[in-house]
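Enquirer: Sequence below, structure please.
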Amino acid sequence: EAQLVESGGGSVQAGGSLRLSCTASGLTFDDYVMGWFRQAPGREREGVSRISARGSLEDYVDSVKGRFTISRDNAKNTLYLQMNSLKPEDTAMYYCAAGKFYSLSTSAYDYWGQGTQVTVSS
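Expert: Residues are numbered from 1 along each chain as shown. The predicted model follows:
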């Protein structure tokens, strides 16, 4: 059974940094596109960033461009999201997901982690 486990969330002040990790098991990690999503209270889940199976393609939602960096280590079955210059509006539950299509749509992903909370105070 496929399982994704996120870690690295926490509470930081505006301008700070966090590095999220997502460790996968039960699936062939380097067969999957990986994505990071986030959901704030009362809002829909939104795609933040995606990376292709081999890591050659990546992109970001406009609100995080230049601040967040997605990466993956296929040898360790692990996905990362380096988040710098954090803003209060980045506060959300962050989820990683695995899918077969290079997309930022939630419907394109087959497996989801349980989420890790990121809280940014002003």
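Enquirer: before we move on, what SS does the spatially closest residue to residue 92 that is not a sequence neighbour have?
Expert: Once its chain neighbours are removed from consideration, residue 92 has its nearest residue in residue 38; the separation is 3.8 Å (Cβ to Cβ, 6 or more residues apart in numbering). (Glycine included, C-beta is placed from N, CA and C.) Following DSSP: H, G, I helix; E, B strand; the rest coil, we place residue 38 in the strand state.
Enquirer: Same question for residue 85.
Expert: The three-state label for residue 85, taken from three-state DSSP, comes out as coil.
Enquirer: I'd say it and residue 65 touch.
Expert: No: here residue 85 does not reach residue 65: they are 11.3 Å apart, not a contact under Cβ atoms under 8 Å.
Enquirer: and the spatially most central residue of the chain, what is it in contact with?
Expert: With distances taken as Cα atoms, centre = their mean, the chain has residue 36 as the residue nearest its mean C-alpha position (2.3 Å). Residue 36 sits next to 20, 22, 47-50, 68, 70, 79, 81, 94-97 when contact means Cβ atoms under 8 Å, 6 or more residues apart in numbering.
Enquirer: need those residues in a markdown table with pLDDT and neighbour count, can you?
Expert: Supplementary listing: the contacts of residue 36 in a markdown table, determined by pLDDT from 0 to 100; neighbours: other Cβ atoms under 10 Å:
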| residue | pLDDT | neighbour count |
| --- | --- | --- |
| 20 | 98 | 24 |
| 22 | 98 | 25 |
| 47 | 97 | 19 |
| 48 | 98 | 24 |
| 49 | 98 | 23 |
| 50 | 98 | 25 |
| 68 | 98 | 21 |
| 70 | 98 | 22 |
| 79 | 98 | 29 |
| 81 | 98 | 28 |
| 94 | 98 | 23 |
| 95 | 98 | 23 |
| 96 | 98 | 29 |
| 97 | 98 | 23 |
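Enquirer: out of residue 85 and residue 65, which sits in the more crowded spot?
Expert: The residue with more neighbours, out of residue 85 and residue 65, is residue 85; 13 against 10, by other Cβ atoms under 10 Å.
Enquirer: excluding its backbone neighbours, what's nearest that one?
Expert: Using Cβ to Cβ, 6+ apart and skipping residues adjacent in sequence, the residue nearest residue 85 is residue 67, 4.7 Å away.
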